[in-house]
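Novice: With the input below, show me the fold.
(one chain, ligands or ions: 1)
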Amino acid sequence: MATDRLLMCRPRFYGVAYVINPWMEGNVGRTDADVAMQQWERLTAELARRAALDYVEPVDGLPDMPFAANAGLVHDHTFVPARFRFPQRQPESRHFTSWFRDRGYRVVSLPSGGTFEGEGDALFQPGAPLVWGGYGVRTSLQAHRDLADILDVEVIPLRLVDERFYHLDTCFCPLPGGRIVYYPDAFDHDSLETIRARVPAERRCEVDATDALNFACNAVVAGGAFITNFSSPALRERLARWEFEVIVCPLTQFILAGGAAKCLVLHLTHPGAQRPAATPRAVSGVRERLVEVQGDLLDTGLMNTFLDCITEGGGSFEIETFQAGLRHDQASLARVRVVAPSPERLEAILTRLVQMGARVAEEDRDARLEAVTQPGVAPRDFYSTTIYPTEVRVRGEWVRVTGQRMDAVVVIDGPPEAPRASCRLLRALVVGDRVVSGIEGVRIHPTHVPVAGETFGFMTADTSSERRVELAVDRIAWEMRRLRDRAGKIVVVGGPVVIHTGGGPHLARLVRHGYVQALLAGNGLAAHDIEQALFGTSLGVDLKRGINVRGGHRNHLYAINLMRESGGIRQAVERGILREGVLYECVANRVAFVLAGSIRDDGPLPETIMDLLAAQEAYARAIEGADMILMLSSMLHAIGVGNMTPAGVRLIYVDISPAVVTKLADRGSVESTGIVTDVGLFLNLLDARLGALE
Ligand SMILES: NC(=O)c1ccc[n+]([C@@H]2O[C@H](COP(=O)([O-])OP(=O)(O)OC[C@H]3O[C@@H](n4cnc5c(N)ncnc54)[C@H](O)[C@@H]3O)[C@@H](O)[C@H]2O)c1
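Specialist: Okay, here's the model as predicted:
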């Protein structure tokens, strides 16, 4: 069996002199040079029994040089030098590269600009032409694509998500026999799936936080031994079953800087890692695409959201061009190369970016269409719609999607010379429907892209003041007046709190004066409105006096019962039983109302639609052509309506809870305004302002 050759660097100038990882924090100047040297010598002695060792000369002023694993990656007499992320370590490269050059190695630098921290983030699976590549903290994904090309090995990128495990070798250790020891919490979900797909369960050893935080995974495997700073009894037992001898060499001085056994060693040989001569060259799974995004990238924070979206999706990026708008009314333009570890993850990231208004900056292609084979079920990677105007490319022509709404699929039909594209709900799909899949040939025109963490004007500390609410109401009243003058359409969506807070008479007046063209609510608002009209109470509370009426909590049931006896609200109005209130005004003024049922409904009222799909459809019809929708204190109904409303409709959300307003308004279209206030006060104020405008 070939002996491993390892490169090490004596810690003559070792110490913690700066902070570039969480382990170093608080440890500057706290290492003990003598103890560090003893620990290193003990490790070296153990290694010397099992491998051939070479040494690189330490350099004064480069305290991290003993962590030789980060020098680069060696394979088959080729050395790929590191490109360190932090300037403190960058000078090390020159010294390591000279060492390899002097010994006749072919030195190949990475062609792309990304960072690469050597074997720390690129671990050979012993005996196989396979490298596990860590990225996400120190090394870039591009480096792994380049490594696969340069060394003709397969590279499997794994994304690190915990800064304490900043290099792959701190949380992952490949062993001979296709085995691995690793700490799952250091990886993202997709990487764990990748690991589990590649390594069968009986060859994986998962360690817990105690092992991981004591650098148990940071082990050197040589001559049948697993040499590490620490091992729990469980890990020792597992490794014994795999016939590895566990040798513990305390390296506490090096842990002060965030490294242990494996960090101190660079493999010069990888027996069995050459690909057999006749096999095709290794192809990296890493994929990239160039995307372009334009708009208020800086002042709205969109650029940050955009880049976060790439990294959160497990990708990385290189900004190729950035032209900043020089004035506040000038748009910025960015061209960004998006890199992802696999074609599937690239597609997932691009889908989100396209939904934020980015374009794939390559020649336009037609949308990919796939046929529905099961009623009500879309092809797996169907394009899911947003609220924004969307176009789809069919036979070289861009076709505007109709019936725009969120969370739908796009179906293409019509004759080949005049294709049509429309939004369709999953449940409405029939076998044979041609559905747009993936993001190819889809472009959207966002009016405003939701930015993570965006807060709305009326929610920040100084702006939730009464005065700000008054100003907002002034503005809304003015808009409503203009809409009424030009026969626009205003829809009100409301919950029962409207009635409980005394807003009923104000909303009734809005209906009477032509400010409401449709009312969408649940059983609750209608039941309590009718209760108030008939008994003067809302959920048993006398709204004039603000006190509980004895036995009044039953009043809403009597009200519902009366409506049922009459055959419905309309009939009750016609018979003169119901003579005031919001629902009365709707009937009297021929304003459409739709009541959608819910699980907590009493009765229900005869008009309440208890078939939820039918209720959703009735809501969707009622908001068609709406110019403004006022969502008043009903999270349930407001979310339902928000999902079916395209961009361009003015949305006003009123709720007492800031969290609810944020949730509702987080689609963030420019047309939406969130107001945190009591809905009764809001309606009172709105009614007064509209009255003043009469
Ligand atoms: N008797 C009944 O049949 C009955 C009674 C109540 C509710 N319901 C039904 O239950 C469903 C859910 O009811 P929902 O829409 O009221 O619940 P919801 O929880 O979805 O929404 C209520 C919202 O009102 C807000 N709110 C509370 N006090 C407020 C105030 N003073 N000012 C402004 N906002 C305030 C809350 O923050 C919350 O977001 C509806 O379909 C409704 O019709 C039926």
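
Novice: what's around the residue of the stretch 201-350 of the chain at minimum distance from the ligand, how many residues?
Specialist: With C-beta to the nearest ligand atom as the measure, T305 is the residue of the stretch 201-350 of the chain nearest to the ligand, at 26.0 Å. (Each C-beta comes from the backbone N, C-alpha and C, glycine too.) Using other C-beta atoms under 10 Å, the number of residues around T305 comes to 18.

Novice: residues in contact with the residue of the stretch 501-650 of the chain found nearest the ligand?
Specialist: The stretch 501-650 of the chain approaches the ligand most closely through G522 (2.1 Å), counting by C-beta to the nearest ligand atom. Counting by C-beta atoms under 8 Å, 6 or more residues apart in numbering, G522 touches G495, P496, L595, A596, G597, S598, D601, T608, S634, L636, H637.

Novice: Secondary structure element for the last one, which one?
Specialist: In the assignment (DSSP states H and E), H637 maps to helix 635-644.

Novice: List the buried residues for that helix?
Specialist: Buried residues in helix 635-644, counted by 16 or more other C-beta atoms under 10 Å: M635, H637, A638, G640, V641, G642, N643, M644.

Novice: Same question for stretch 222-234.
Specialist: Residues A222, A225, F226, I227, T228, N229, F230, S231 are the ones in stretch 222-234 that count as buried (16+ other C-beta under 10 Å).

Novice: what's the answer for stretch 267-280, then?
Specialist: By neighbour count with 16+ other C-beta under 10 Å, stretch 267-280 contains the buried residues H267, L268, T269, H270, A273, R275.

Novice: interface residues of the protein facing the ligand?
Specialist: For the chain, the contact set with the ligand under C-beta under 6 Å from any ligand atom comprises 495-497, 501, 522-525, 527, 556, 598, 600-602, 633-637, 655-657, 660, 678-679.

Novice: Inside helices: which ones of these?
Specialist: V497, N523, G524, L525, A527, H556, M635, L636, H637, V660, V679 (DSSP state H).

Novice: ok, now how distant is M24 from Q88?
Specialist: 10 Å (C-beta to C-beta, to the nearest Å).

Novice: Can you pull the residues that touch both of these two?
Specialist: Contact criterion C-beta under 8 Å, 6+ apart; residues shared by M24 and Q88: Y18.

Novice: can I assume A45 sits in a helix?
Specialist: Yes - under DSSP: H, G, I helix; E, B strand; the rest coil, A45 sits within a helix.

Novice: Which of the three states applies to Q274?
Specialist: Going by three-state DSSP: Q274 is coil.

Novice: ok, now the one 10 residues further on?
Specialist: Classification of S284 by three-state DSSP places it in coil.

Novice: Please look at it and Q142 and confirm they touch.
Specialist: No - with contact defined as C-beta atoms under 8 Å, S284 does not reach Q142; the gap is 10.1 Å.

Novice: Looking at those two, which one has more neighbours?
Specialist: Between S284 and Q142, Q142 has the larger neighbour count (other C-beta under 10 Å), namely 23 against 20.

Novice: what phi and what psi does the backbone show at that one?
Specialist: In terms of degrees, to the nearest 10, the main-chain angles of Q142 are phi -60, psi -40.

Novice: give me the number of residues near the closest residue in space to P176 that isn't next to it in sequence?
Specialist: With sequence-adjacent residues excluded and distances taken as C-beta to C-beta, 6 or more residues apart in numbering, P176 is closest to P126, at 4.3 Å. Neighbour count of P126, defined by other C-beta under 10 Å: 20.

Novice: For P126, give me its contacts.
Specialist: With contacts defined as C-beta under 8 Å, 6+ apart, P126 is in contact with P174, L175, P176, V221, H270, P271, G272.

Novice: Of these, which belong to strands?
Specialist: Among these, the members found in strands (DSSP state E) are P174, L175, V221.

Novice: between those, which is nearest E440?
Specialist: P174 (37.1 Å; C-beta to C-beta).

Novice: any idea how far the residue nearest to the closest one when sequence neighbours are not counted is from D76?
Specialist: The shortest distance from P174 to any residue other than its chain neighbours is 4.5 Å, reached at Q125 (C-beta to C-beta, 6+ apart). Per C-beta to C-beta, Q125 is found 15 Å from D76.
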